[in-house]
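Asks: 3D model of this:
(chains A and B)
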There are 2 protein chains.
Amino acid sequence: MSRPLVGHLDPAFVGMMEEIKTMLREVFQTRNEMTFPVSGTGSAGMEFCLVNLIEPGDEVVIGVNGVFGTRMVDVAERCGARVIKVEATWGRIIEPQQIADTLKQSRPKLVAVVHAETSTGALTPVEEISRLAHNAGALFMLDTVTSLGGCAVKIDDWQVDAVYSGTQKCLSCPPGLAPVSFSKQAVEVANRRKTKVQSWYLDVNLLGSYWGQDRVYHHTAPITMNYALHEALRLVLEEGLERRWQRHRTNHEALKAGLAKLGLQLAAQEGHRLWQLNTVTVPEGIDEASVRKRLLSDFNIEVGAGLGPLKGKIWRVGLMGETSTRENVKAFLRALSQLLKESGKRVDVEAVLAAAS
Amino acid sequence: MSRPLVGHLDPAFVGMMEEIKTMLREVFQTRNEMTFPVSGTGSAGMEFCLVNLIEPGDEVVIGVNGVFGTRMVDVAERCGARVIKVEATWGRIIEPQQIADTLKQSRPKLVAVVHAETSTGALTPVEEISRLAHNAGALFMLDTVTSLGGCAVKIDDWQVDAVYSGTQKCLSCPPGLAPVSFSKQAVEVANRRKTKVQSWYLDVNLLGSYWGQDRVYHHTAPITMNYALHEALRLVLEEGLERRWQRHRTNHEALKAGLAKLGLQLAAQEGHRLWQLNTVTVPEGIDEASVRKRLLSDFNIEVGAGLGPLKGKIWRVGLMGETSTRENVKAFLRALSQLLKESGKRVDVEAVLAAAS
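Replies: Numbers count the residues shown, from 1 in each chain, chains lettered A, B, ... in the order given. The predicted model follows:
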């Protein structure tokens, strides 16, 4: 990011734009032409997908099992959608059967779910949901903010029509851009709209002309952020997707083993736990906020708080991208062990660390 | 920007957010509480102002004398506004009398103009337009993307209710953020809306809670971009606003003198020419595109092309922020002299450079 700035239509930058698109397609595992980073953070990516695909009055089915499904509902309603919510307890996945049941009674334009719910630590399997959506004649949309780069995301195999992500999770790039991809079907839906896209900044037709071969001036792309994304994608592909996913898995397993020795439970639904975002149930008698505060101040380790119904009940421990290392797992376990000890819990630190080795 | 990342709710970053707001107020010359950078480029700032202040059916008067006034119309219409355009030839300013005449026949909610039209090089004086807008009971909105930091921008003195800018012009920061400020009146209008703001990402009520004392999680701010803006604002204030404006003025004067010796004309309306963006009329018999191309390839100098009706007719020469130096003025004049000579023009390079000294 400290490379000198060039103009956003400079040939050097235009070449970089092409490389970013190519690498993004590889990371998303897609051949979608319409694949590029939106000039905003992950939530702008969510809004990009919804403003372009929804017109007032359209019916949309949205899976809600955490903060980001809830947010999708809000954004979709602001686009004029009639939203049908498919809800699950926070920490649990959206079951295909729930979607199937809903689709018996509605013919939505779009079915949308969050792949990896950062607020709860649950990973919803989406292949079956995608099949159900398409059988019902709907587009399928997926939030991969926290999944991309940390576990399998296969846009073409899973027939995802609209997908967005963020840069600051498992791509290990600073926040500021939202990689997105639209299938041909999604692009057609956007082209066939009767109404103009309500957002000029996020209009896929305008953005497609800027990021495509036409290079029609739209906005000034955040040059430096794109430098960062270019390098982050290069590092992801240098490691290899499969190897990167495995690294996230094994470090999650190590953390899980150490936590078990500490007598702590993971909060998300068993069998559907994220590797990159581990939600840990706060044990009885422990002040969760003060543990978080001391982790940050004394150990330089930031963990997230619970949100919504999980507020005060869980810690959210990220092992994302570059931070998913065995050293970090152990540093966290060592620090947490010490804080639990100070709170009067009996802890065998050596056994905890051995379990995570 | 190469400083280590911290979390977006980290106390260290929260402190920086406060400093950014304080410095932005100083640069905008305002005491508006609602002053912060939107997490998108300048055009997202434009959209921020319009989506929050306009509801479907609202009447809006917009001055159109270049690309960015044209864009405002597009964005406002996507918000459901009934737009009344006040037009001027590209290169000329919006005259207060035009606004006065328009306001005889309409009672708009908002009057909006572009301060410094980057596409034409004209600076529209806005104090009188602001007075006319308020007398008609309207809010006054101003685009300061290219003016902020390069010439006087006085939000409180001029009673501007909604203003947006960009980081990559005269603030000399990479592109990626859009500083904005709303007066109390504008915030009230946004609070009293009957309909939800159509953009979740740009909703001032949600953003105000995130950037205000509540720190309610909204989106993840682009941390690194905010580091950059923090440093850029610090440098602007270290130089001092008045001194910075004078620097832009004197380098513009130097360029103008050199161009005059070259027999070239400035294209924008006399008496209302921008110091930071100089539009130069392409002389007869010169291939404007090939001059631009050679400036970039042979001299490492990028100048902008004409847009819209000015396509092929002008060069747009930026002297913005850190790049507004006498050395850059001379380097450009030297390079342009050589290219004009090669095209068969008679040029006295020494006299051109002496005029710019």
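
Asks: Spell out which parts of the stretch 151-300 of chain A neighbour chain B.
Replies: A:166, A:168, A:174-176, A:196-201, A:217-225, A:228, A:296 (Cβ under 8 Å from any Cβ of the partner chain). No exception for glycine: its C-beta is placed from N, CA and C like everyone else's.

Asks: same thing but at 7 Å, please
Replies: Proximity of the stretch 151-300 of chain A to chain B, by Cβ under 7 Å from any Cβ of the partner chain, involves residues A:168, A:174-176, A:196, A:198-201, A:219-225.

Asks: which residues touch whichever residue of the stretch 251-357 of chain A sits closest to chain B?
Replies: Among residues of the stretch 251-357 of chain A, the one nearest chain B by Cβ to the nearest Cβ turns out to be residue A:302. It sits 5.0 Å away. Applying Cβ atoms under 7 Å, 6 or more residues apart in numbering or on different chains to residue A:302 gives the contacts A:296, B:7, B:10.

Asks: now, which of the residues of the stretch 151-300 of chain A next to chain B lie within helices?
Replies: Among these, DSSP state H puts A:223, A:224, A:225 in helices.

Asks: which one is the second one nearest to, not counting chain neighbours?
Replies: When the adjacent residues along the chain are set aside, residue A:224 lies closest to residue B:174, with 4.1 Å between them (Cβ to Cβ, 6 or more residues apart in numbering or on different chains).

Asks: quick one: pLDDT of the one you found?
Replies: Note for residue B:174: predicted pLDDT of 97.

Asks: With residue A:214 instead?
Replies: Residue A:214 is assigned a pLDDT of 83 by the prediction.

Asks: again with residue A:76
Replies: Here the pLDDT value assigned to residue A:76 is 98.

Asks: What ranges does chain A have for its helices?
Replies: Assigned by DSSP H, the helices in chain A fall at A:11-28, A:42-53, A:67-78, A:96-104, A:127-135, A:184-191, A:204-211, A:223-239, A:241-261, A:288-299, A:326-342, A:349-355.

Asks: one step back: what sits against the residue nearest to residue A:224?
Replies: Residues touching residue B:174, when contacts are defined by Cβ under 7 Å, 6+ apart, comprise A:5, A:222, A:223, A:224, B:167, B:168, B:228.

Asks: tell me, how many neighbours does the fifth one end up with?
Replies: To tie it back to what came earlier, the one meant is residue B:167. The number of residues packed around residue B:167, counting by other Cβ atoms under 10 Å in any protein chain shown, is 29.

Asks: Could you check the pLDDT of it?
Replies: For residue B:167, the model assigns a pLDDT of 98.

Asks: What distance do you get for the closest residue to residue A:183 other than its chain neighbours to residue B:116?
Replies: For residue A:183, the nearest residue in space outside its immediate sequence neighbours is residue A:161; the separation is 4.3 Å by Cβ to Cβ, 6+ apart. Separation of residue A:161 from residue B:116 (Cβ to Cβ, to the nearest Å) stands at 42 Å.

Asks: Looking at the contacts of residue B:174, which is nearest residue B:183?
Replies: Among those, residue B:167 lies closest to residue B:183 (Cβ to Cβ), at 21.8 Å.

Asks: Next, give phi and psi for that closest one.
Replies: phi -90, psi -20 (degrees, to the nearest 10).

Asks: Now do the same contact list for the residue lying closest to it once chain neighbours are set aside.
Replies: Nearest residue to residue B:167, sequence neighbours excluded (Cβ to Cβ, 6+ apart): residue B:173, at 4.0 Å. Applying Cβ under 7 Å, 6+ apart to residue B:173 gives the contacts B:167, B:228, B:229, B:232.

Asks: which of the residues you listed are buried?
Replies: Restricting those to buried positions leaves B:167, B:228, B:229, B:232, with burial counted as 16 or more other Cβ atoms under 10 Å in any protein chain shown.

Asks: Can you name the residues that contact the first one?
Replies: In this case it means residue B:167. Listed by Cβ under 7 Å, 6+ apart, the contact set of residue B:167 reads B:173, B:174, B:175, B:176, B:177, B:229, B:232.

Asks: Show the contacting residues for the fourth one.
Replies: Listed by Cβ under 7 Å, 6+ apart, the contact set of residue B:176 reads A:176, A:222, A:224, A:225, B:41, B:167, B:222, B:225.

Asks: Which one (most neighbours) among those?
Replies: With neighbours set by other Cβ under 10 Å, the maximum within these is found at residue A:176, which has 31 neighbours.

Asks: Residue A:194 against residue A:55, yeah?
Replies: Yes. Between residue A:194 and residue A:55 there is a contact under Cβ atoms under 7 Å: 6.4 Å.

Asks: Next, work out how far apart residue A:195 and residue B:66 are.
Replies: If you go by Cβ to Cβ, the gap between residue A:195 and residue B:66 works out to 27 Å.

Asks: higher neighbour count, these two?
Replies: Between residue A:195 and residue B:66, residue B:66 has the larger neighbour count (other Cβ under 10 Å), namely 28 against 10.

Asks: per-residue pLDDT, that one?
Replies: Reading off the confidence values, residue B:66 has pLDDT 98.

Asks: Now do the contacts for it.
Replies: Listed by Cβ under 7 Å, 6+ apart, the contact set of residue B:66 reads B:90, B:114, B:117, B:119, B:120.

Asks: Could you check how far it is from chain A?
Replies: With the distance defined as Cβ to the nearest Cβ, to the nearest Å, residue B:66 ends up 13 Å from chain A.

Asks: care to break chain A down by domain?
Replies: Following automatic domain parsing, chain A resolves into domains at A:11-239, A:242-355.

Asks: Need those domains in JSON lines (columns: distance to residue B:31).
Replies: As requested, these are exported to JSON lines (distance: least, Cβ to Cβ, whole Å):
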{"stretch": "domain A:11-239", "distance to residue B:31": "28"}
{"stretch": "domain A:242-355", "distance to residue B:31": "34"}
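
Asks: looking at those, which is buried most?
Replies: The highest mean neighbour count among these belongs to domain A:11-239 (a mean of 21), with neighbours defined as mean count of other Cβ atoms under 10 Å in any protein chain shown.

Asks: what about it, how long is it end to end?
Replies: Between the start and the finish of domain A:11-239 there is a gap of 29 Å, counting by Cα to Cα, to the nearest Å.

Asks: Low-confidence ranges, the stretch 101-250 of chain A, go.
Replies: Within the stretch 101-250 of chain A, the set of residues satisfying pLDDT under 70 is empty.
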